[in-house]
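*Asks:* coords please:
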Amino acid sequence: MWPRRDVAGRAVCMALVSGLSLPALALQVLDARDGVAIEAILSIKEPTRIRIEGAPITDVFGNIHSSSCGAGNAAGTTAGIVAPATNPGGEVVLECDRDKGEIYIRPVGDSPKPVNLFVSSAHATYTLVLRRADTPADTIVIRDRSQRTAPASLATGPQVAFGPSSPSAHHIRTMKALLVAMASDRVPPDIRVDELHQPMQLWAETRFALMSRYEGRGLVGEKYLLKNIGQAAMVLSEQEFDRPDSKEGGQVLGVSVENHNLRPGETTQVFVIRRGGQP
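*Replies:* Next up is the predicted model:
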């Protein structure tokens, strides 16, 4: 059984965010670094502008409903800020300002689930966990102090909270495609899927099961289902699932948690991507 890591700081951070007055949310400046999830507020009625300090946005990845940014290449993703045709299960509408290298998003539907969005510059990719709130139009500024001094060769990484490796840009896109396949159940023919529904030990207050394993393109993806069976709310962090090499697979390259906050009885999917054999 895995011990839970201390995530109290994350809970305190969310409490502070929820206590802000609406004028304070007019500009959200987020200190970020490649591969680490950061939280922000997403207006449920107005567009939210997102920009990266000192760099244009070059790539957006997420469950996109529709966009005016161009013709698409794969449902649910945006590559080079080029969006797919309408995706009925998408969570946000995407608009692009190519001249400024900025994007505008607006949520679709009334689901309370946070929106996970991955926003890239030429040097790094930032993981945004966007919590819906009834706020005015807003701007999110992603500020990465490490990019001011780090060489460009050290500034790339996966789009989810990750382990110690630094995959190439091609490998990153392969990870993106696998994550979309696991989250949407739209699996390419070169990816093998094993349905397992295998209960596993995690923490005393949870029910945890490995639902499916995906293999192909040199990667292994694992889809887990986690349920909070305790009496208290649970705050999750991707880093808690970044486990060492084990019988489940190879080195962890990326982790994505669908819902970071679980009330008693609620469930979330957890996606883990590991290094596999050669494609």
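*Asks:* Report the buried residues of stretch 270-279.
*Replies:* 270-276 (16 or more other Cβ atoms under 10 Å). Glycine gets a C-beta too; all of them are placed from N, C-alpha and C.
*Asks:* Output the longest helix belonging to this structure.
*Replies:* Scanning the chain for the longest helix, with DSSP state H as the assignment, gives helix 169-184.
*Asks:* Tell me which of the buried residues of stretch 270-279 fall in helices.
*Replies:* Counting by DSSP H, no part of these is found in helices.
*Asks:* Kindly reformat those as TSV containing pLDDT and distance to Ile229.
*Replies:* TSV is the format used below for the buried residues of stretch 270-279 (pLDDT from 0 to 100; distance: Cβ to Cβ, whole Å):
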residue	pLDDT	distance to Ile229
Val270	91	15
Phe271	89	21
Val272	89	21
Ile273	88	26
Arg274	86	27
Arg275	82	32
Gly276	76	32
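*Asks:* need the residues you listed in TSV with distance to Leu202, can you?
*Replies:* Output for the buried residues of stretch 270-279, formatted as TSV (distance: Cβ to Cβ, whole Å):
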residue	distance to Leu202
Val270	10
Phe271	15
Val272	12
Ile273	18
Arg274	17
Arg275	22
Gly276	23
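*Asks:* of those, closest to Ala183?
*Replies:* Phe271 (6.8 Å; Cβ to Cβ).
*Asks:* what sits against that closest one?
*Replies:* Residues near Phe271 by Cβ atoms under 8 Å, 6 or more residues apart in numbering: 160, 179, 182-183, 221-224, 254-258.
*Asks:* redo that, cut-off 7 Å
*Replies:* Counting by Cβ atoms under 7 Å, 6 or more residues apart in numbering, Phe271 makes contact with 179, 182-183, 221, 223, 255-256.
*Asks:* cool, and Ile229?
*Replies:* With Cβ under 7 Å, 6+ apart, Ile229 has these contacts: 205-207.
*Asks:* can you pick the most crowded of the residues you listed?
*Replies:* Ranked by the number of neighbours (other Cβ atoms under 10 Å), these place Thr206 first, at 20 neighbours.
*Asks:* Confirm for me that Arg263 is in contact with Ala232.
*Replies:* No - using Cβ atoms under 7 Å, Arg263 is not in contact with Ala232, being 8.9 Å away.
*Asks:* For this protein, just list every one of the helices.
*Replies:* Under DSSP H, the chain gives helices at 8-18, 169-184.
*Asks:* which stretch in those is the model least sure about?
*Replies:* Mean pLDDT is lowest for helix 8-18 out of those, coming in at a mean of 30.
*Asks:* Any idea how far apart the tips of stretch 257-267 sit?
*Replies:* With Cα to Cα, to the nearest Å as the measure, stretch 257-267 spans 11 Å from end to end.
*Asks:* any idea which of the contacts of Ile229 is closest to Thr127?
*Replies:* Using Cβ to Cβ, those come closest to Thr127 at Thr206, 22.7 Å.
*Asks:* is it true that that closest one touches Asn228?
*Replies:* Yes - using Cβ under 7 Å, Thr206 is in contact with Asn228, at 6.3 Å.
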